[in-house]
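Asker: Here is my input, please return the structure:
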Amino acid sequence: MQSITLSDNEFRQFQEMIFRTAGISLSDSKKPLVAGRLNKRLRHHQLPTYAAYLALMMQDSGEQQMAIDLLTTNETYFFREPKHFDFLQEQLRGELGRARSPASLRVWCGACSSGEEPYTIAMILAETMGSRPWDILASDISTRILDQARRAVYPLEEAEGIPRYLLHRYCLKGTGLHDGTFMVDPALSKRVKFKQINLNVPLPDVGLFDVIFLRNVMIYFKQETKRQVVQRLLAHLHPGGYFIISHSESLNGISEAVRPVKPSVYRKPHA
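Answerer: Numbers count the residues shown, from 1 in each chain. Next comes the predicted model:
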């Protein structure tokens, strides 16, 4: 099959689609990425142009989800930005660990990608919470990446970021056909609930949380989209709860509903 070129007009339509559905702003420099990632879908459907694929997406919600899965970035790793997990552990040993006892402590990982972040949080909670109940909701817009997260299997080199004592306690090294991989212990991974959620639309009724992580996702949003997404999420944060974003992000000019505790960590005031 001949090489298929993505025109500027077709690229603009993909930009509009991903912004409309996921709130993600693709810069013009992402044109080669879009062409490369979607080319396999054109070949799969034997389509001659990207315009033909756009037309197919508009008629097939499953294919549109496939395109969103391919175009959303999912870079992550265990214990990324470790100061956040140090902070979480400190709070769990203090006020946060005692709050609303004996009710379950709830954490929402709002852009969980392939699962490394919620499983990191799960290790911290399992290590710190003792007998007190807890649960984690991990959400992402990509169904493909959520399937990968649920498997909880990773290349062995990813284990390098996990402290040794936690690795030995909560992870299983693969053998035989699974050599070169490790798995998060099912006793831990089953406590993380994965759910497909688009933060760019009204959120489902998932209840209230003590801590919400929304890290390394707002960098893809325009300012107004950031405001709307943060407002939706903060409606699900308990008064006194913590809202944690990436060190490269800020809520300046985005929300006044939370107060900074330290860089990239915010707290919702008590009513």
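Asker: can we go C-alpha only for contacts and neighbour counts from here?
Answerer: Fine.
Asker: Is N200 in a helix, a strand, or coil?
Answerer: coil (DSSP: H, G, I helix; E, B strand; the rest coil).
Asker: Now the residue at minimal distance from the centre of the chain: phi and psi?
Answerer: Geometric centre of the chain, nearest residue: A111, 1.6 Å, by C-alpha atoms, centre = their mean. Backbone dihedrals for A111, given as degrees, to the nearest 10, come out at phi -150, psi 80.
Asker: Find the residue closest to V265 in space, skipping its chain neighbours.
Answerer: Once flanking residues are discounted, V265 sits nearest to I244: 4.7 Å by C-alpha to C-alpha, 6 or more residues apart in numbering.
Asker: what ranges of this protein fall below the confidence cut-off?
Answerer: Applying pLDDT under 70 to the chain flags residues 1-2, 73-74, 99-102.
Asker: residues of the helix or strand harbouring L188 that come out buried?
Answerer: L188 belongs to helix 186-189 when assigned by DSSP states H and E. Counting neighbours by 16 or more other C-alpha atoms under 10 Å, one finds that the buried residues in helix 186-189 are S189.
Asker: which other helices and strands contact that helix?
Answerer: Under the contact criterion of 3 or more C-alpha pairs under 8 Å, 6 or more residues apart in numbering; DSSP states H and E, helix 186-189 touches helix 116-128.
Asker: tell me what the helix it packs on is packed against?
Answerer: helix 83-92, strand 134-140, helix 186-189, strand 192-196.
Asker: Buried ones in that helix, by neighbour count?
Answerer: 116-126, 128.
Asker: try stretch 217-225
Answerer: 217-218, 220-221, 225.
Asker: Which residues does the one helix or strand R41 maps to contact?
Answerer: Counting by DSSP H and E, the element that carries R41 is helix 31-45. With C-alpha atoms under 8 Å, 6 or more residues apart in numbering as the test, helix 31-45 has contacts from 4-6, 11, 48-50, 53, 67, 70-71.
Asker: what's the answer for stretch 256-265, then?
Answerer: So stretch 256-265 is contacted by 84, 234, 242-247, 249-250, 266-269 (C-alpha under 8 Å, 6+ apart).
Asker: which residues sit in contact with the closest residue to L166 other than its chain neighbours?
Answerer: Nearest residue to L166 in three dimensions, chain neighbours excluded: M123, at 6.9 Å (C-alpha to C-alpha, 6+ apart). Residues near M123 by C-alpha under 8 Å, 6+ apart: 166, 170, 188.
Asker: For the residue nearest to V265, give its distance to T72.
Answerer: For I244, the distance to T72 (C-alpha to C-alpha, to the nearest Å) stands at 21 Å.
Asker: Look at the two and report which has more neighbours.
Answerer: Remark: of I244 and T72, I244 carries more neighbours, 24 against 18, as counted by other C-alpha atoms under 10 Å.
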